[in-house]
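Novice: no FASTA, just this:
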Ligand SMILES: Cc1cn([C@H]2C[C@H](O)[C@@H](COP(=O)(O)OP(=O)(O)O[C@H]3O[C@H](C)C(=O)[C@H](O)[C@H]3O)O2)c(=O)[nH]c1=O
C-alpha cells in the first residue's frame, strides 16, 4: 500500500500495490501504521456502501459540519467512478480548490478525504459500487453539501450527471 499526495493538502491517493501469482492477486489496501505515520486517522467507526446501477450517477458534494466533520477513505469496489474532494477549509492553501481521481475496482485504489473537504463522485460505469470508511459517526443534523456545478469551484466533471438526487441538485451557492 502506498500513500500518494495530491495537489490538495491532506488528500491522498491510496495505491494498493497488488502482488500477483497464479491464483490471482493479493493487496494490502489499508495499514494503520502507515496511516498513523502519515498523520492520518486510524479510527473508522462506520463503513458505508452505495450501489449505483445507472452510469453518470452523481452523489455529493457532501460533508458534515462542526464537530461531526469526518475523514473518509473511499474506494470503488465495482466499476469506476470519478471521485472528487473540494477543499472547504478557509485556512487551507487549497481553499476552494478541488481534486478528481478515477477510482477503479480493478486498480483497487482509494482516496483519503480529510475532514473539512466536501466529497462526491460521478459513476463512469453501470453498476458502480462505492465503499467508504467513515472517520466519524453519521449525524444527520450535521449533514451539508455544496453543488456539483457551483461556479465557486468549477469542477471539471468528465460528464454531466444523468441522475442526481433533488437535494444534491439544489445545494445553494458556496458563500
Ligand atoms: C451518509 C449516510 C446516510 N444515511 C441514510 C440517510 C438517507 O436516508 C440514506 C441516503 O443518504 P444520502 O442520500 O446522504 O446518501 P449519499 O447521497 O450516497 O451520500 C453519501 O455519499 C456521498 C458521496 C458522501 O461522501 C457522503 O459520505 C454520503 O453522504 O442513507 C445513513 O443512515 N447513514 C449515513 O452515514
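Specialist: Cool, the structure landed. No experiment lies behind these values; they were computed from the predicted model shown.
Novice: state the distance from the nearest residue to residue 26 once chain neighbours are set aside to residue 78.
Specialist: Spatial nearest neighbour of residue 26, excluding adjacent residues (Cβ to Cβ, 6 or more residues apart in numbering): residue 19 at 5.1 Å. No exception for glycine: its C-beta is placed from N, CA and C like everyone else's. Taken as Cβ to Cβ, to the nearest Å, the spacing of residue 19 relative to residue 78 amounts to 22 Å.
Novice: between these two, which is the more surrounded one?
Specialist: When residue 19 is set against residue 78 and neighbours are counted by other Cβ atoms under 10 Å, the residue ahead is residue 78, at 17 against 10.
Novice: so where do the helices sit in this protein?
Specialist: 32-37, 166-169 (DSSP state H).
Novice: can I get these in TSV including distance to the ligand?
Specialist: Shown next, in TSV, are those (distance: least, Cβ to the nearest ligand atom, whole Å):
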stretch	distance to the ligand
helix 32-37	19
helix 166-169	7
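Novice: list just the one of the ones you listed that sits closest to residue 60.
Specialist: Evaluated over these, closeness to residue 60 peaks at helix 166-169, with 6.4 Å, by Cβ to Cβ.
Novice: pull up the residues of this structure that are close to the ligand.
Specialist: Proximity of the chain to the ligand is assessed by Cβ under 6 Å from any ligand atom, with 48, 50, 59-60, 62, 72, 119-121, 138 identified as the residues in range.
Novice: closest one of those to residue 154?
Specialist: Minimum distance to residue 154 across these is 14.5 Å, recorded for residue 120 (Cβ to Cβ).
Novice: fine by me, we can end here.
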